[in-house]
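Trainee: structural data only, the sequence is not supplied:
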């Protein structure tokens with residue numbers, strides 16, 4: 001192989017490694033965002049359950 005081919009191969013490998021590093025960082029950010037969204041959803045579910053419980057209390061006290 002010529003030096004030019006090795007240089008091109010090195011560039012491609014370096015680009016691939018850089019792309020992988022960026023994808024790893026993006027995946028970590030998405031995992032963190034997903035975790036935050038799950039926590040928010042759980043909080044909304046708790047609040048909604050509490051509100052529905054209050055509606056049930058009103059219905060049973062009026063019924």
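Mentor: Perfect, I can see it now. Source: prediction; values computed, not measured. Numbering: from 1, shown residues only.

Trainee: CA only for contacts and neighbour counts going forward, please
Mentor: OK.

Trainee: now the host helix or strand of residue 24: average pLDDT?
Mentor: Assigned by DSSP states H and E, residue 24 belongs to helix 3-62. Here helix 3-62 scores 96 as its mean pLDDT.

Trainee: what's the offset of it from the middle of its chain?
Mentor: Counting by CA atoms, centre = their mean, to the nearest Å, helix 3-62 is centred 1 Å from the centre of its parent chain.

Trainee: can you name every helix or strand that it contacts?
Mentor: Applying 3 or more CA pairs under 8 Å, 6 or more residues apart in numbering; DSSP states H and E, we find helix 3-62 packed against no helix or strand.

Trainee: roughly how far does residue 54 sit from residue 45?
Mentor: 14 Å (CA to CA, to the nearest Å).

Trainee: then residue 19?
Mentor: 38 Å.

Trainee: how about residue 57?
Mentor: 18 Å.
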